[in-house]
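Participant: From the sequence below, what's the structure:
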Amino acid sequence: VESPRIIKFDPINNAFVPYNNNKTNLYLLVQDRSGVKQCKYSINPSLSFENMENNMTCTNKLVRNSEGVSGYQCFGQINNIQNNFENTYYLKCQDKLGRTNSQDTIYKLKGTVPLVISSNKPENNEIIYSREINLEATTDRGAEQGKAECRYSLTNTKPIYESMFRFLATDVVQHKHNLLLNTGNYKAFIQCRDIAGNQDIREINFTVDTPELFITSLMPANNSVIYSDSFELKMTTENGINRNGDSTCYYSLNNQLQGFISGKNILETQTTHTKNLSL
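Facilitator: Next up, the predicted model:
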């Protein structure tokens, strides 16, 4: 007749444990025909059931879990979990007929180190001359050498992680997300969390501004002498909100506003404006 058999652990076997979380509740689902009297665990292998020093309490009622597996529930607590270490425990159970496991069931919990956001963009107090904002974060350490899920929030107060928006590209060590923002001052929170529950958060203040518009050339040149009663007024503009000089230009004669310059050719990095004038 078989002795008790552990078929489920919570936390699962080989689970990661958050940094400095030195204890956790342990749940077992144990199968046995006669019922389960008690389970025990030890940090030392190959002990007899009587000599194992940590007790777990088991219920008398056979239950069926959400996955349709039947067994008896046992509960206990594991203490003194070490950081950055593979903590190994040896478990045995005893059924209602007094039968115990002859072999240890090996159970492991992996202690971790803190997760760190090692870099982020925008940087704090940065002025960005574009409405297209590239949110970026790099994560390091943690449970899986920086692998994490990062989220962001554009709020004035620190949000909870579950209410934040997930980065479009994440679940690695490099995280990226693109935003389209109007000009103004912003506060953003970037928070990352790894599989163990380790997390780090950054608060970033940045400004979205419009790049200054420049007139980079003008024809005819200043103080030109024109030997004709008509000519073409031509100017080139660069930079501005779209970084291509796209803008509306006006002209005046003798300090009297005449109107706007309708001819416009928008290029990749500049815009040319032309107007035929007769004097």
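Participant: C-alpha from now on. contacts and neighbour counts both.
Facilitator: Will do.
Participant: host element of the most far-flung residue of the chain relative to its centre?
Facilitator: In the chain, counting by CA atoms, centre = their mean, Y227 sits farthest out from the average C-alpha position, at 66.7 Å. No secondary structure element spans Y227, as it lies outside all helices and strands (assigned by DSSP states H and E).
Participant: In terms of pLDDT, where does it sit?
Facilitator: In the predicted model, Y227 carries a pLDDT score of 91.
Participant: got it, and N55?
Facilitator: pLDDT, N55: 97.
Participant: you'd agree it is up against K40?
Facilitator: Yes. Taking CA atoms under 8 Å as the definition, N55 is a contact partner of K40 at 4.6 Å.
Participant: Which one of the two is surrounded by more residues?
Facilitator: Neighbours per residue, other CA atoms under 10 Å: of N55 and K40, the larger number sits with K40, 20 against 17.
Participant: Next, the buried residues of the helix or strand hosting the more buried one.
Facilitator: K40 belongs to strand 36-42 when elements are defined using DSSP H and E. Taking 16 or more other CA atoms under 10 Å as the neighbour-count basis, strand 36-42 is seen to contain the buried residues 36-42.
Participant: from the residues you listed, which is closest to P11?
Facilitator: Of all the buried residues of strand 36-42, the one sitting nearest P11 is Y41; the distance, using CA to CA, is 14.9 Å.
Participant: Quick check: closest non-adjacent residue to the closest one.
Facilitator: L91 (4.3 Å; CA to CA, 6 or more residues apart in numbering).
Participant: Packing partners of the helix or strand harbouring that neighbour?
Facilitator: Take DSSP H and E as the rule and L91 turns out to sit in strand 86-95. The elements that strand 86-95 packs onto, with contact taken as 3 or more CA pairs under 8 Å, 6 or more residues apart in numbering; DSSP states H and E, are strand 36-42, strand 105-111.
Participant: which residues touch it?
Facilitator: Residues external to strand 86-95 that are found in contact with it (CA atoms under 8 Å, 6 or more residues apart in numbering): 3-5, 32, 34-46, 49, 81, 100-111.
Participant: Please produce a ChimeraX select command covering the buried subset of those.
Facilitator: Buried subset of the contacts of strand 86-95, written as a ChimeraX selection, criterion 16+ other CA under 10 Å:
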select :3,4,5,32,35,36,37,38,39,40,41,42,43,45,46,49,81,100,101,104,105,106,107,108,109,110,111
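Participant: who wins for proximity to T138 among the helices and strands packed on strand 86-95?
Facilitator: Among those, strand 105-111 comes nearest to T138, with 22.0 Å by CA to CA.
Participant: follow-up on the earlier one: mean pLDDT and distance to L135 for the helices and strands packed on strand 86-95 - can I get that in CSV?
Facilitator: As requested, the helices and strands packed on strand 86-95 are arranged in CSV below (pLDDT from 0 to 100; distance: least, CA to CA, whole Å):
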stretch, mean pLDDT, distance to L135
strand 36-42, 97, 47
strand 105-111, 98, 31
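Participant: can you list those in a markdown table and add distance to Q199?
Facilitator: Rendered in a markdown table, the data for the helices and strands packed on strand 86-95 read as follows (distance: least, CA to CA, whole Å):
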| stretch | distance to Q199 |
| --- | --- |
| strand 36-42 | 30 |
| strand 105-111 | 15 |
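Participant: for these, which one sits closest to Y19?
Facilitator: Nearest of those to Y19, taken as CA to CA: strand 105-111 at 6.5 Å.
Participant: Show me what the closest one is in contact with.
Facilitator: Counting by CA under 8 Å, 6+ apart, 6, 13-19, 81-92, 143 sit against strand 105-111.
Participant: what number of residues lie near E268?
Facilitator: E268 has 11 neighbours, counted by other CA under 10 Å.
Participant: mind listing what it touches?
Facilitator: Counting by CA under 8 Å, 6+ apart, E268 touches N244.
Participant: And it, how close does it get to K234?
Facilitator: Taken as CA to CA, to the nearest Å, the spacing of E268 relative to K234 amounts to 18 Å.
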